[in-house]
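[1] sequence? don't have it. structure:
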């Protein structure tokens with residue numbers, strides 16, 4: 001079952017600098033993010049899972065049709081812009 005939530009996420013840019021806390025829309029399927037609306041763009045899951053090495057947190061890669069990418073923690077609380 002899918003659920004959509006608005007989450008206040010910590011957003012980190014490509015230089016690893018904090019952009020701040022931003023509201024994002026996240027759609028979850030089986031407890032994992034499959035779609036994110038962030039900064040006016042819709043990102044979908046690319047089928048790539050990973051681990052944020054400095055924290056050990058599991059992440060998912062998301063991309064727009066134009067190939068803008070980000071990584072998001074499974075709870076949706078941290079967005080790593082790519």
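    Looks like it arrived, so ask away. Just so it is clear, the structure is predicted and the values come from calculations on it, not from any experiment.

[2] Name whatever forms a beta bridge with the most centrally placed residue in the chain.
    Centroid-nearest residue in the chain, with Cα atoms, centre = their mean: residue 72, separated by 2.8 Å. Here residue 72 shows beta-bridge partners residue 60, residue 79, assigned using DSSP bridges.

[3] Contact partners for it?
    Counting by Cβ atoms under 8 Å, 6 or more residues apart in numbering, residue 72 touches 9, 26, 33, 36, 59, 60, 62, 78, 79, 80. In this view, the C-beta of every residue, glycine as well, is placed from N, C-alpha and C.

[4] What count of nearby residues applies to residue 61?
    17 (other Cβ atoms under 10 Å).

[5] sorry, back to before: who wins on neighbours among the contacts of residue 72?
    Highest count within the contacts of residue 72 by other Cβ under 10 Å belongs to residue 79, 27 neighbours.
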